[in-house]
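Participant: my questions concern the predicted model and sequence given below.
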Amino acid sequence: MSIHAALHHVTHYKYDRPVQLGPQVVRLRPAPHCRSNVISYSLRIEPEQHFVNWQQDPFANYQARLVFPEKTREFKVTVDLVVEMAVYNPFDFFLEPQAENFPFKYSAEQADELSQYLVADAMTPRVEAYLAKIDRTEKRTIDFLVGINQQVQSDVTYLIRMEPGVQTPEETLTNGSGSCRDSGWLLVQLLRHMGLAARFVSGYLIQLTPDVKALDGPSGTTVDFTDLHAWCEVYLPGAGWIGLDATSGLMAGEGHIPLACTPTPSSAAPIEGVVDDAEVEFGHEMVVTRIHESPRVTKPYTDSQWAAILALGDAVDQRLVAGDVRLTMGGEPTYVCTTDRDAPEWNTEALGPTKRGYATELVHKLRAEYGDGGFLHFGQGKWYPGEQLPRWALSIFWRADGQPLWHNPDLFTDEREPTHYTSEDARRFTTVLAHRLGITERYILPGYEDTFYYLWRERRLPVNVDPFDSKLDDELERVRLRRVFTQKLDAVIGYMLPIEPGNANADAPAVEGPGWKTGPWFMRDDRLFLIPGDSPMGYRLPLDSQPWASKGDYPYQIDRDPTAPRGDLPSANDFRARYPAAPAGTPTGADLGAVPYAFGASPTVPAAVRLQEARAASAASSAALRGSAGSAGSSSAPTDPTSARQPRRGESAPWVTRTALCVEVRDPRRANGPAAEKVGSSSGVLYVFMPPLARLEDYLDLVAAIEATSEQLGLKIVMEGYPPPRDPRLKMLAVTPDPGVIEVNI
């Protein structure tokens, strides 16, 4: 995306009588090292009867030497050039290792080649005093140059000075003011006195009005303009000549068009020559015009351009349909932070202390704009080599037919707001959700950190450290140990509810609830010990401890064929009707009793649950009788999938419920990486971990039950875990972290 700017520059001398012009040298052609692309250039001289010789001076600057054989009453120089105003990064350069920090010395060969640019004027009192207050302690070279450039800009007031010539540095410091050429020459001399090669630059400055005003700081010019300008260039080994504009305190950018770069200002005059004595009338004109602009984010296509683009798109679509061509498309716009731009998370790192907060704000805005009626899902994103954990992905899901999936957005927790839920809230939520789904709560299990692992890990630490300050090289492991021992090994991490759809057939009709079933999880230990780690509880369940099932019996989840035809989803009212608002007096979980860590009785069980449990018990008894007559290795299973029968040794167990929903209270700072976990105050957010489900209808039914539970208890939540299965009836948009940016995946 760039702008083509046409610069028109006229210098006109009118004499009161015919005069003889001596050889004239014109230095108004962009220098060879100009970083902005000059698309076209022309120089017109009047009177037309003249001779021109294009040359390069000893410093490689272009110059036109003009010879006029006849006397004239006018001398006119017209420059027209078109330049591509493409933004570039003025800090995009490398330095030789010895020049990365200031002060540094040039090599003997470089010093000899740069000798003309190292000659400083005689020291004067004010220059000496000014040099004395410049900090010359060792620092990064670029930081030193930016600092001295800004210091000169701050100390010298800019003014338009019409007098010819350049002030001496002593005069500029005495006056405390000067033109651009005075500030530029002062900076050249200061750098030379400190051992840096510097040169004076005469050139054009083009400044264009920004499309939008700056959120903070000055917005720049309000009109497009151009003028002759002067600045300084310093030579850095490995980078070459780098421009410093002491008038603005900025690095030279795409608007700085160098014309002549010389050791002294006198060699860089735009026009130089002699003429007979005469009265002269001087005219000067400079205009910049935009002749081409690429559409961009801050200045998009006009309505007429969009109409033409859409018409072309319709024509292309017709041809694609006629040819039965099918396409997919995606997009990834990125966003950066306007504050704290030097932080690693906005330059090189994917994660950081503030990035998820900004992403949360963005995803809520995008939901209101594009996915109104959808639900938010904070799950796992990309996982790159060298990173211990996958990155996060904040997603919005909404129905393609426009019907709402989530009715009350206030039930979504904003992770940036202080929240202080406890494990008791997680227990209440899990219990009430089980009742909402029409299943028993007896198989809910609290999850704990693996006590034996962390005790073993503590014993392996050096004898002179403690778990709260373990000195381990792995920062993630250090933070994990400190967190586990701070919260105590017997603390409840969260609650797990084994759950799966009542009909696991992916091609079956939509669930007409209650259509969920549950069952016990069989483990070698009485307690549910989680796999050590930092991920949400649902990713740390000990799945390997579940009973074995043969390959032929194992209840694999098979995704639906993406090209298979699908009917309409049940209406939003159908989902909501299955889980209506709780009537007055309904238990809210506070009076439901503690959830046992083994199998226990349910104090408050709906009729549907009691019927389900009765069937399960009957089926278990029948299965036990059948099992006693069969062999120990038989693969026969209870006919009722809700059976609580524990499989015999060597028996294939396909009936066991192997998926689970988890509810835990967790500090959201953990998602930002170990370094960010110490930034800010702790918080306790209620997270609901979604189980893997093969059918979209089942997933949306569970979402409806979760919203009803959240509304009944008045608990705000964040949904995480497995996302919905891919389905053309569901649209999505994800906000993810990338090095230096926030990325939106469309």
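Facilitator: Perfect, thanks for sending it.
Participant: can you list the domain ranges for this structure.
Facilitator: Here the domain parsing of the chain from automatic domain parsing is 97-204+229-253, 334-558+659-745.
Participant: got JSON lines for the ones you listed, with mean neighbour count and distance to Gly22 too?
Facilitator: Placement of C-beta: from N, CA and C, glycine included. Shown next, in JSON lines, are these (neighbours: other Cβ atoms under 10 Å; distance: least, Cβ to Cβ, whole Å):
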{"stretch": "domain 97-204+229-253", "mean neighbour count": "18", "distance to Gly22": "18"}
{"stretch": "domain 334-558+659-745", "mean neighbour count": "18", "distance to Gly22": "54"}
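Participant: now for those, which one comes closest to Glu84?
Facilitator: For the domains of the chain, the distance to Glu84 is smallest for domain 97-204+229-253, at 13.2 Å, taking Cβ to Cβ.
Participant: mind checking the SS state of Tyr443?
Facilitator: coil (DSSP: H, G, I helix; E, B strand; the rest coil).
Participant: thought it was touching Pro498?
Facilitator: Yes: taking contacts as Cβ atoms under 8 Å, Tyr443 lies within contact range of Pro498: 5.2 Å.
Participant: on that earlier part again, please name whichever of the domains of the chain is nearest to Val67.
Facilitator: Nearest to Val67, of the domains of the chain and by Cβ to Cβ, is domain 97-204+229-253 at 23.0 Å.
Participant: that closest one: end-to-end distance?
Facilitator: The separation between the terminal residues of domain 97-204+229-253, taken as Cα to Cα, to the nearest Å, is 25 Å.
Participant: show me the helices in the stretch 401-550 of the chain, by range?
Facilitator: 423-437, 451-459, 475-487 (DSSP state H, counting those that start in this stretch).
Participant: lowest mean pLDDT across those helices, which one is that?
Facilitator: Per-stretch mean pLDDT for the helices of the stretch 401-550 of the chain is lowest at helix 475-487 (a mean of 57).
Participant: contact partners for the closest residue to Arg126 other than its chain neighbours?
Facilitator: In this structure, Arg126 finds its nearest non-sequential neighbour in Leu173, 4.1 Å apart by Cβ to Cβ, 6 or more residues apart in numbering. The contact partners of Leu173, taken as Cβ atoms under 8 Å, 6 or more residues apart in numbering, are 126-127, 130, 155-156, 186.
Participant: where does the prediction get shaky in the stretch 1-150 of the chain?
Facilitator: 1 (pLDDT under 70).
Participant: re the thing from before, give me the common contacts of Tyr443 and Pro498.
Facilitator: Common neighbours of Tyr443 and Pro498, counting by Cβ under 8 Å, 6+ apart, are 518-521, 657.
Participant: of these, which pair is most distant in space?
Facilitator: Maximum distance among the shared contacts of Tyr443 and Pro498 (Cβ to Cβ): 9.9 Å, for Thr518 and Trp521.
Participant: mind checking the SS state of the residue nearest to Arg126?
Facilitator: helix.
Participant: against Glu293, how distant is it?
Facilitator: Counting by Cβ to Cβ, to the nearest Å, the gap from Leu173 to Glu293 is 43 Å.
Participant: same question, Lys71
Facilitator: When Lys71 is compared with Glu293 (using Cβ to Cβ), they lie 46 Å apart.
Participant: rewinding a little: as TSV, the contacts of Leu173 with secondary structure would be great.
Facilitator: Output for the contacts of Leu173, formatted as TSV (three-state DSSP):
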residue	secondary structure
Arg126	helix
Val127	helix
Tyr130	helix
Asp155	helix
Val156	coil
Leu186	helix
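Participant: make TSV out of the residues you listed and add distance to Tyr117.
Facilitator: As requested, the contacts of Leu173 are exported to TSV (distance: Cβ to Cβ, whole Å):
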residue	distance to Tyr117
Arg126	23
Val127	18
Tyr130	20
Asp155	23
Val156	22
Leu186	16
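Participant: nearest to Pro18 among those?
Facilitator: Taking the contacts of Leu173 together and measuring to Pro18 by Cβ to Cβ, the closest member is Leu186, at 41.6 Å.
Participant: and the gap between that closest one and Asn149?
Facilitator: Counting by Cβ to Cβ, the gap from Leu186 to Asn149 is 11 Å.
Participant: can you pull the residues that touch both of the two?
Facilitator: Residues touching both Leu186 and Asn149 by Cβ under 8 Å, 6+ apart: Ala246.
Participant: now find how far off-centre the longest strand belonging to the chain is within its chain.
Facilitator: The residue-count maximum for a strand in the chain (DSSP state E) belongs to strand 3-19. Relative to its parent chain, strand 3-19 has a centroid offset of 49 Å by Cα atoms, centre = their mean, to the nearest Å.
Participant: direction included, what does it pair up with?
Facilitator: The sheet places strand 3-19 alongside strand 72-85 (antiparallel), strand 280-293 (antiparallel), with pairing taken from DSSP bridges.
Participant: low-confidence ranges, the chain, go.
Facilitator: Checking the chain against pLDDT under 70 turns up 1, 215-219, 451-489, 503-514, 583-643, 672-681.
Participant: run through the helices of it in chain order.
Facilitator: Taking DSSP state H, the helices of the chain run over residues 108-113, 125-132, 141-155, 169-175, 180-193, 303-322, 355-369, 423-437, 451-459, 475-487, 572-578, 607-629, 696-713.
Participant: looking at these, which is nearest to Thr563?
Facilitator: Of all those, helix 696-713 comes closest under Cβ to Cβ, at 15.4 Å.
Participant: helices and strands around the closest one, which ones?
Facilitator: helix 423-437, helix 572-578, strand 685-690 (3 or more Cβ pairs under 8 Å, 6 or more residues apart in numbering; DSSP states H and E).
Participant: turn those into JSON lines, columns for distance to Val492.
Facilitator: Conversion of the helices and strands packed on helix 696-713 to JSON lines gives the following (distance: least, Cβ to Cβ, whole Å):
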{"stretch": "helix 423-437", "distance to Val492": "4"}
{"stretch": "helix 572-578", "distance to Val492": "30"}
{"stretch": "strand 685-690", "distance to Val492": "14"}
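Participant: closest one to Leu376 among the ones you listed?
Facilitator: strand 685-690 (11.4 Å).
Participant: residues contacting the closest residue to Ile706 other than its chain neighbours?
Facilitator: Once flanking residues are discounted, Ile706 sits nearest to Val688: 5.8 Å by Cβ to Cβ, 6+ apart. Shown in contact with Val688 (Cβ under 8 Å, 6+ apart): 429, 661-663, 706, 717-721.
Participant: separation between Glu46 and Arg29?
Facilitator: Glu46 is 18 Å from Arg29, by Cβ to Cβ.
Participant: between these two, which one's more packed in?
Facilitator: Set Glu46 next to Arg29 and count neighbours by other Cβ atoms under 10 Å: Arg29 wins out with 20 against 13.
Participant: wait, the more buried one sits on Gln56?
Facilitator: No: if you go by Cβ under 8 Å, Arg29 and Gln56 don't touch, sitting 10.2 Å apart.
Participant: what residues are shared contacts of the two?
Facilitator: Common neighbours of Arg29 and Gln56 (Cβ under 8 Å, 6+ apart) are 62-63.
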